[in-house]
Structures are given as structure tokens and as C-alpha cells.
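J.: I need the structure of the sequence given here:
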Amino acid sequence: MSEMLIASAGLTALPTRTSSEVRFSFLPKVLIGLLVTGAIAVAALSAVVRPVAPEPPAWHSISVDAHSTLWEIATAHPVDDLGTSATVELIRTENALRSSTIHAGQTLRVPGPSPSAVAVAQR
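T.: Next up is the predicted model:
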């Protein structure tokens, strides 16, 4: 009866979808939603969970020698449980350096006991 009413009104009936067609058209939307939610969760967790750098025993100031690099300075002043690249970043942060470029005569704060404290401890 409803088909006759639709036909008499000059309308065409829309094709009906089977339940499997509905499920398959809905699946991409669900997958995209899950991927977006997962990406947001990963971004939020990475912003919250930051590795904490070990505290160096002390900081002291040095004068940069000619041709020294920040990598060499970080290698000479290691921090327990940190690699050289992480120590470079620690020195950059402590000295508010925008890059790893340093100049002869520049004063830098570096981690570890001062050279005079090491000399006294070795006596």
C-alpha cells in the first residue's frame, strides 16, 4: 500500500540498505574516530610524561677555549645516567643557548663539581 501512495505522488522510493551495508558504511567512521582519539591520547601522554633529567651534583662556570665544541664540553662534564647529547641539551638549557654555537671566551655554567673541588677531593 505504501508503494502505491509513493507511486501516485510521483515520488520514487529510496533503496533500502541491508544491515551488512549499514555496518560497512559505519565502519570507516568508527575507525577514523578511534585513530583520532588514539592520536590525541598519545599526544597528551607525551606532553605529560617527560623523562626527568638527573640533577647534576653542582654547577660551576667555565670559560670556553678556542675551537671547543659544546659536545666536547658535555663529554668533559658528564652527568650520571645521561648521555652526551642529553648533557648538551642540559647545558644549553642552563645557559639559555638557542643553538649549540659557542665562542672562545664565553662563560658557560656546566654540571659537576668545580675543578678546584675535584683537586681538593683527590688530595
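J.: where does the protein dip in pLDDT?
T.: For the chain, the stretches with pLDDT under 70 are 1-26, 47-57, 114-123.
J.: which parts of it are helices?
T.: Taking DSSP state H as the test, the helices found in the chain are 2-8, 19-48, 70-76, 84-94, 115-122.
J.: separation between residue 43 and residue 89?
T.: 21 Å (C-beta to C-beta, to the nearest Å). Backbone N, C-alpha and C define where each C-beta goes, glycine included.
J.: more neighbours: which of those two?
T.: Shown here are residue 43 and residue 89; by other C-beta atoms under 10 Å, residue 89 has more neighbours (17 against 10).
J.: what is the burial count for residue 108?
T.: Burial measure for residue 108: 20 neighbouring residues, criterion other C-beta under 10 Å.
J.: residue contacts, it?
T.: Shown in contact with residue 108 (C-beta atoms under 8 Å, 6 or more residues apart in numbering): 61, 62, 64, 73, 91, 95, 102.
J.: what is the second one paired to in the beta sheet?
T.: Beta-bridge partners recorded for residue 62 (DSSP bridges): residue 108.
J.: pretty sure it contacts residue 110?
T.: Yes - with contact defined as C-beta atoms under 8 Å, residue 62 counts as touching residue 110 (5.5 Å).
J.: between the two, who's got more neighbours?
T.: Taking other C-beta under 10 Å, residue 62 and residue 110 do not tie; residue 110 has more neighbours (22 against 16).
J.: quick one: contacts for that one?
T.: So, once contact is read as C-beta under 8 Å, 6+ apart, residue 110 ends up touching 59, 60, 61, 62, 73, 77, 91, 94.
J.: go again using 7 Å as the cut-off
T.: Residues in contact with residue 110 (C-beta atoms under 7 Å, 6 or more residues apart in numbering) are 59, 60, 62, 73, 77, 91.
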